[in-house]
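Visitor: okay, sequence plus prediction incoming.
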Amino acid sequence: MIAELDEYLAWLKSDLLPRSKGDFRIGAETFSKKLAYDEMVDIPLLKLLEIGYADLRRNQQHFAEVAKELEPNKTPREVLEELGHQHPAPEQLLNSFRNTFSSLLDFIRSHHIVTIPSDVHPVLEETPPFMRATTQASMDSPGPFETKATTSYFNVTLPDPAMTPAQVEGYMHSYNIGTVISTSVHEAYPGHYVQYLYSLKAPTRVRKILQANTNIEGWAHYTEQMMLDEGYGNGDPKLRLGQLLDALLRDSRYISGIEMHTGKMTLAQSKQFFIDEGYQTPATADQESKRGTSDPTYLYYTLGKLQILKLREDYKVMKGDQFSLQEFHNEFMRQGAVPVKIIRKAMLGNDSPTL
């Protein structure tokens, strides 16, 4: 098997690559159709860009305010550089993520955030080699009908052994004390892993297997902000900066995906956008811009988060004094990972706009 894979890799490099002259861009029309078919989102691309840039600016402003609170005499970039150095050693990174589970679970239960259907934890492991080029962390859960291999894996990408010490340090800036928490919330509690546990109890076969990324990634990204808003971390500005850094990363994906695939941004410009506007390290920016060539609609993190925030506000208005955050989250999760538009109809009883 290994020999066959090596032969295939050699063919890709020596034969297919030299004669491949295509363009990774899918174009505005296909981009819009993909959003409509995958996410039930029919908002015009120019309006989507407007929404994305507005969220980017809000998060940049919030970042500046928190940075000033932390270090009044330093610029946001200087504060970010200092924060970047506050990371675990690479060999301790997996344990750092594992050690977040207890505090997250205690907070979720004591503050009635969402009901967690199981006490079984995911397993922390290094990201498999074939996934390392385009992801820093991920949750790999079995399908909803699996009865044998039922373990979920929380994958974390460690620095490449071929990196220089300076490259390792730059890479580890993305795993500062704030983003470690934000990532654990996103991938595990109450993010993707809790989503997986609810998927096992989805009401129909279709809802067990149908997944819209604006729901899946939107929920996980929403929880990063929601947990801090509800008081996790006792207002620690370093945790908020980590959450905002991840929000700026998702904003940059949102804008870069649209701009690259409609021909308004090159791959090099996308990488620079992640650095300049998303406050990402060059190593992360390189990884993220490359991902956008094959994952054009990776705006679904921010887009889904904004849809969920609007749904929560509309649901709160409808419920009035009877609103419960835990009840809202539980009901949202019980619907399955379908497009947010469908969940709005189920929870609100109308077809009002998702944004």
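Guide: Here it is on my side, so go on. Numbers count the residues shown, from 1 in each chain.
Visitor: which residues does residue 260 contact?
Guide: 25, 266-267, 270, 289, 292-293, 296 (Cβ atoms under 8 Å, 6 or more residues apart in numbering). C-beta coordinates here come from the backbone N, C-alpha and C atoms, glycine included.
Visitor: ugh, wrong one, I meant residue 332
Guide: Neighbouring residues of residue 332 by Cβ under 8 Å, 6+ apart: 219, 308, 311, 343, 347.
Visitor: which of those residues lies closest to residue 130?
Guide: residue 219 (26.0 Å; Cβ to Cβ).
Visitor: state the helix or strand in which the closest one lies.
Guide: Using DSSP states H and E, residue 219 falls within helix 213-229.
Visitor: from the middle of its chain, how far away would that helix be?
Guide: In terms of Cα atoms, centre = their mean, to the nearest Å, the centre of helix 213-229 is found 8 Å from the chain centre.
Visitor: buried set for it?
Guide: The neighbour-count check on helix 213-229 (16 or more other Cβ atoms under 10 Å) flags 213-228 as buried.
Visitor: low-confidence ranges in the stretch 201-350 of the chain?
Guide: Applying pLDDT under 70 to the stretch 201-350 of the chain picks out no residues at all.
Visitor: what about the helices in it?
Guide: Assigned by DSSP state H, counting those that start in this stretch, the stretch 201-350 of the chain shows helices spanning 205-209, 213-229, 237-261, 267-276, 282-294, 300-319, 325-334, 340-348.
Visitor: indicate which one of those helices is closest to residue 168.
Guide: In terms of Cβ to Cβ, the element of the helices of the stretch 201-350 of the chain nearest to residue 168 is helix 282-294, at 9.3 Å.
Visitor: where exactly do the strands run in the stretch 1-150 of the chain?
Guide: Using DSSP state E, counting those that start in this stretch, the strands found in the stretch 1-150 of the chain span residues 123-126, 137-140.
Visitor: comparing the ones you listed, which comes out most buried?
Guide: strand 137-140 (a mean of 19; mean count of other Cβ atoms under 10 Å).
Visitor: what lies in contact with that strand?
Guide: Strand 137-140 has contacts (Cβ under 8 Å, 6+ apart) with 122, 127, 131, 152-157, 183, 186-188, 191-193, 196.
Visitor: what's the ChimeraX line that selects buried ones from the residues you listed?
Guide: Applied in ChimeraX, the following selects the buried portion of those according to 16+ other Cβ under 10 Å:
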select :122,127,152,153,154,155,156,157,183,186,187,188,191,192,193,196
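Visitor: I figured residue 297 hits residue 254, correct?
Guide: No. Assessed by Cβ atoms under 8 Å, residue 297 is found out of contact with residue 254, at 9.4 Å.
Visitor: so for the two, which sits in the more crowded spot?
Guide: For the pair residue 297 and residue 254, the greater number of neighbours falls to residue 254 (25 against 22), based on other Cβ atoms under 10 Å.
Visitor: for burial, what's the neighbour tally of residue 151?
Guide: Counted with other Cβ under 10 Å, the neighbours of residue 151 add up to 12.
Visitor: what sits against it?
Guide: 122-123, 142.
Visitor: one more: residue 280?
Guide: Neighbouring residues of residue 280 by Cβ under 8 Å, 6+ apart: 174, 245, 248-249, 252, 274, 288.
Visitor: same question, residue 96
Guide: Residue 96 neighbours (Cβ under 8 Å, 6+ apart): 88, 175, 180.
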